[in-house]
Every structure is written in structure tokens, then in C-alpha cells.
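Engineer: have a look at this fold, sequence not included:
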């Protein structure tokens, strides 16, 4: 399983997702451009010391991400407030890639169309959405749980 971030806007959320990927033992894909300068130095600072524990792959754009060997043969599972399938009912596969949209705008329509599934997290009535890092954590944990890949579990 992998976690992918489409054009992240907020460095702190990128840092939280790097930490999430490191702690859950999954690779992280960053689909650029980001909404902030992402130099190698800034990436190291954002990741704190967690970048040593996670494989981070940077992609110059959506097309480069889709053509990357790491993505070949994987389903792209887009987490979106527009998703027709609920997280608690969706069935993950071991090699899925969970894709998170931008904090400010989600994912554009062409990415919705390219996704193999659009999944949403059930929320209380009247609220808009979770923070992208929190949503990624819920989705990734559920995918790993379902596929017996949670670190430290005897699934």
C-alpha cells in the first residue's frame, strides 16, 4: 500500500503525512507542484527526522505519477468528500495507492475520472471535511487493517 498527496498546499500537513507514512510503514508519493517551495532542504525540515524511515518519491505532475513504475498495476483510491463509497464499506487490496487531494481544492475532475474508486469518510451532519492528514490516517489505517499489513499486528 502507498499514500499519495496531490499538490499539497500546507507544509505542516505534508510533515504530518510523512510521519504517518513512516509510522505505518508505507511509501509516500508527492505529486507536484506544491503550494509552497519544496526544496530538498525544506522537505527534510518538514519531515523532521521521519524522512529516514519512509520512501518518498516526488513526481513532477499527475502524468509523471501515473507513469511511475511504483504506481504500475495499483488501483488509485481517491479519498474525497464526493466519494460514492464509504470508507467502512470499501474493500481495499494490498497494493492500493490511497490518493489525497489538495487541502484547498481537493482533486480536479480529471483526477476523479482517473481514480479506480472514490471513497469518503462518513462524517457528522453539517460538517465539511477532515484535515487531509487526519483523513489520510483514517483511510490508510483502514486499508492496512483490512489487508493484514498493520505494523506490529499478527493479522
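Structural biologist: Okay, I see it. If you're wondering where the values come from, they're calculated on a predicted model, not measured in any experiment.

Engineer: any regions of this protein where pLDDT drops low?
Structural biologist: Within the chain, the stretches with pLDDT under 70 are 46-47, 154-155.

Engineer: mind jotting down where the strands sit in it?
Structural biologist: Under the criterion DSSP state E, the chain contains strands at 2-6, 27-31, 56-59, 76-79, 85-86, 97-100, 117-120.

Engineer: note down every partner strand of the fourth one and its orientation.
Structural biologist: Spelled out, it's strand 76-79. The pairing partners recorded for strand 76-79 under DSSP bridges are strand 97-100 (parallel), strand 117-120 (parallel).

Engineer: figure out which of these is closest to residue 150.
Structural biologist: strand 97-100 (14.4 Å; C-beta to C-beta). To be clear about C-beta, it is placed using only N, CA and C from the backbone, and glycine gets the same treatment.

Engineer: quick one, helices of this structure?
Structural biologist: Along the chain, counting by DSSP state H, helices occupy 11-24, 40-47, 62-67, 109-114, 132-146.

Engineer: in TSV, list these along with mean neighbour count and distance to residue 30.
Structural biologist: Putting the helices of the chain into TSV (neighbours: other C-beta atoms under 10 Å; distance: least, C-beta to C-beta, whole Å) gives the following:
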stretch	mean neighbour count	distance to residue 30
helix 11-24	20	7
helix 40-47	14	8
helix 62-67	15	9
helix 109-114	13	15
helix 132-146	20	13
